[in-house]
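In: sequence and predicted model, in that order:
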Amino acid sequence: MLRLIYEFFKTGLFSIGGGLATIPFLAKMGETFGYFTQDELLTMIAVSESTPGPIGINMATFAGIKAGGILYGVIAPISLVFPSLIIIITIAKLIEKYRKSPYMKNILKTLKPVSIGFIAAAIIPIYISLFKEVQGPYILGMIAIMTIVFFLREKLNKLHPGFIILGAFIIGIIFDFVKF
């Protein structure tokens, strides 16, 4: 149990960029400690994305339950959130003092691309594992489309979900019937 607390505490401490930034940590955790397989990680992502609430918390709960039952399912998200809670309280006390500092602006500007890199490093292997039976240009096309959709998700959030589902349906039909 201490290992689980430590791993989720570490994940919460270093996964800057939101819930999706926890994916590389969870993938490594599953690989190293056998808490869950890569296929189970894919299931966690799907379930976490489709249930209400923050994805990181949902994934930590799901991973904790997979690792050791209900108790671990409660401990994992608490361990994940605890570092952020401490950091946010500390930053809130100091933010007025350093708000206009050029150093602070540079730090925040640097963290954005680093977070995107972490997320991309986690997403590409997941995309590939989704299409493990598929070969050639088909998989590259699907990865390209999924990556574009991922990076355009803020603009897509303004669309009605029905249009997004219809678009995904049409793309799926095209890729199913077109043989490369």
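Out: That came through, no problem. Residues are numbered from 1 along each chain as shown.

In: okay, now the unreliable bits of the chain?
Out: 95-96, 127, 130-139, 156, 178-180 (pLDDT under 70).

In: how's it carved up into domains?
Out: Domain assignment for the chain by the TED database gives 1-95, 101-132, 134-179.

In: export those to JSON lines and tack on mean neighbour count?
Out: The C-beta positions use only the backbone N, C-alpha and C, and glycine is treated the same way. Listed next are those as JSON lines, based on neighbours: other Cβ atoms under 10 Å:
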{"stretch": "domain 1-95", "mean neighbour count": "17"}
{"stretch": "domain 101-132", "mean neighbour count": "13"}
{"stretch": "domain 134-179", "mean neighbour count": "12"}
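
In: quickly find the element holding residue 104.
Out: helix 102-130 (DSSP states H and E).

In: what's the end-to-end length of stretch 63-76?
Out: By Cα to Cα, to the nearest Å, the extent of stretch 63-76 from end to end equals 8 Å.

In: hmm, who's touching that stretch?
Out: 1, 4-5, 8, 26, 29-30, 33, 35-36, 40, 44, 60-62, 77 (Cβ atoms under 8 Å, 6 or more residues apart in numbering).

In: quick revisit: now the helix holding residue 104: how far from the chain's centre is it?
Out: Counting by Cα atoms, centre = their mean, to the nearest Å, helix 102-130 is centred 11 Å from the centre of its parent chain.

In: likewise for stretch 98-117?
Out: How far stretch 98-117 lies from its chain's middle: 21 Å, per Cα atoms, centre = their mean.

In: what comes into contact with that stretch?
Out: Applying Cβ under 8 Å, 6+ apart, the contact partners of stretch 98-117 are 16-18, 21.

In: max pairwise distance over the residues you listed: which two?
Out: Within the contacts of stretch 98-117, two members stand farthest from each other by Cβ to Cβ: 16 and 18, at 8.4 Å.

In: could you measure residue 162 against residue 104, distance?
Out: Distance, residue 162 to residue 104, by Cβ to Cβ, to the nearest Å: 42 Å.
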